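>>> Here is a sequence together with a model predicted from it:
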Amino acid sequence: MITRVEIRNFQSHEHTVLDLSSGVNVLVGRSDAGKTAVLRAIRWVLTNEPAGLGFRSWSAGKEPVSVILTLSSGDTIERFRTKSKNLYRINGEDVTAPKRSVPEPVAKLLNVGPLNMQGQFDGVFLLNSSAGQVARYLNSIVNLEDMDEAIRAIKSRVRQTQVSLDNTFEAVEEEQEKLREFRGLDELAGRADALEQIEGQLRQAWGQRQKISKVVDRLVALEAEEIPDAKPFRRRLEKLEEQQKAIETLERQRDALEAPLNALARESDAKARVKTDLRHARDRLRKAMPKVCPLCEQEVK
């Protein structure tokens, strides 16, 4: 309980000392005598408001503004303000004053806050407040601010997780859309298999062609030597020429399939890259999904 108030250079008070009695104290005086200024001075100590030096007495000059409250415990709390100094004093020891709040040692010693003060023109306590203000007052009494802060943190985490999930789902859809461009790869794969078979036949035919070339060269040489009976060799030569034409046909078929095979190889490489991107996107999705839901605390499957 406050038992004594000493005010220096605060509004109309150059130096005022009030000894308070236990119970109810009444300030009586004419208008502009400084009754409200006394309450403002006490509020200045209790709440560290208002800021600045607007309440400084015009007659104070460079003198400091000071309000000292003496408590029933014998402790004194002083609010001290000049242009260069802004502090509290507890039993004469300096305590730095924050800009917008009361130092913790002072608040603990006073054990008084804005809820304990009512001005002349203030509305009826809580009845003139909005539902949100009433809820905040009640929450501060039973320390529900921690629960509100936890709920806000959970909602913020849910929003962040949802944004991450949305981005991951979009990335997965983009990769799936890219995969749709390769729906014809199965057909091209079949054509590639056919091309590989033709290439195998060509390799065999090429070996035969080399053998045939040697035989032809030999027959030409024999014909030049005017062998009496060359008919068997001619028939063999005709068969070899037919085989030569068949080889040339296979080579044309191979050349015709070269371009699709190259295109298939390029598309296969692109498909592999898309699958890799899709796998990475799914990994990001799994990492973005929390193992436990922050709201219901159930395991996310």
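On my side now, so go ahead.

>>> report the longest helix in this structure, please.
When the chain is parsed with DSSP state H, its longest helix is helix 231-288.

>>> and that helix, how far out from the chain's middle?
Centroid separation between helix 231-288 and its chain, computed with C-alpha atoms, centre = their mean, to the nearest Å, is 48 Å.

>>> Tell me which helix or strand the residue nearest to the spatial centre of the chain sits in.
Compute the mean C-alpha point of the chain, and by C-alpha atoms, centre = their mean the closest residue is Q160, 5.5 Å away. Assessed by DSSP states H and E, Q160 sits inside helix 145-180.

>>> which other helices and strands contact that helix?
helix 131-142, helix 231-288 (3 or more C-beta pairs under 8 Å, 6 or more residues apart in numbering; DSSP states H and E). In short, each C-beta sits where N, CA and C put it, glycine included.

>>> between the longest one and helix 145-180, how many degrees?
Counting by axes from the mean of the first three to the mean of the last three C-alpha atoms, to 10 degrees, helix 231-288 lies at 170 degrees to helix 145-180.

>>> For helix 231-288, name the packing helices and strands.
Going by 3+ C-beta pairs under 8 Å, 6+ apart, helix 231-288 lies up against helix 145-180, helix 185-224.

>>> can I get these in CSV with mean pLDDT?
Below are the helices and strands packed on helix 231-288 laid out as CSV (pLDDT from 0 to 100):
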stretch, mean pLDDT
helix 145-180, 83
helix 185-224, 76
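
>>> export these to JSON lines and tack on distance to V38?
As requested, these are exported to JSON lines (distance: least, C-beta to C-beta, whole Å):
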{"stretch": "helix 145-180", "distance to V38": "32"}
{"stretch": "helix 185-224", "distance to V38": "89"}
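
>>> From R279, how far out is E187?
25 Å (C-beta to C-beta, to the nearest Å).

>>> which SS class is T70?
Secondary structure state of T70, per DSSP: H, G, I helix; E, B strand; the rest coil, is strand.

>>> so how far is L285 from the residue nearest to the centre of the chain?
Distance of Q160 to L285, given as C-beta to C-beta: 15 Å.

>>> Buried deepest among the helices and strands packed on helix 145-180, which one?
helix 231-288 (a mean of 13; mean count of other C-beta atoms under 10 Å).

>>> Just want the angle from that one to helix 185-224.
If you take the same axes, to 10 degrees, helix 231-288 sits at 160 degrees to helix 185-224.

>>> Specify the beta-bridge partners of V65.
For V65, the beta-bridge partners are R81 (DSSP bridges).

>>> and it, how many neighbours?
If you count neighbours by other C-beta atoms under 10 Å, V65 ends up with 21.

>>> wait, what's in contact with it?
By C-beta atoms under 8 Å, 6 or more residues apart in numbering, V65 lies in contact with R8, N9, F10, L53, F55, R56, S57, R79, F80, R81, T82.

>>> Let's see the pLDDT reported for it.
V65 carries a pLDDT score of 91 in this model.

>>> Next one: it from A41, what distance?
9 Å.

>>> what's the answer for V215, then?
126 Å.

>>> More neighbours: the two, which one.
A41 (27 against 14).

>>> Extract the C-alpha trace of the helix or strand where the more buried one lies and format it as CSV.
Using DSSP H and E, A41 maps to helix 35-47. Provided in CSV are the C-alpha atoms of helix 35-47 (Å, rounded to 0.1, in the frame of the first residue of the first chain):
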residue,chain,number,x,y,z
LYS,A,35,-5.8,17.0,-7.9
THR,A,36,-5.8,15.1,-11.2
ALA,A,37,-2.1,15.8,-11.6
VAL,A,38,-1.5,13.9,-8.4
LEU,A,39,-3.2,10.9,-9.9
ARG,A,40,-1.2,11.3,-13.1
ALA,A,41,2.0,11.4,-11.1
ILE,A,42,1.2,8.2,-9.3
ARG,A,43,0.1,6.6,-12.7
TRP,A,44,3.5,7.7,-14.2
VAL,A,45,5.3,5.7,-11.6
LEU,A,46,3.0,2.7,-11.8
THR,A,47,2.8,2.4,-15.6
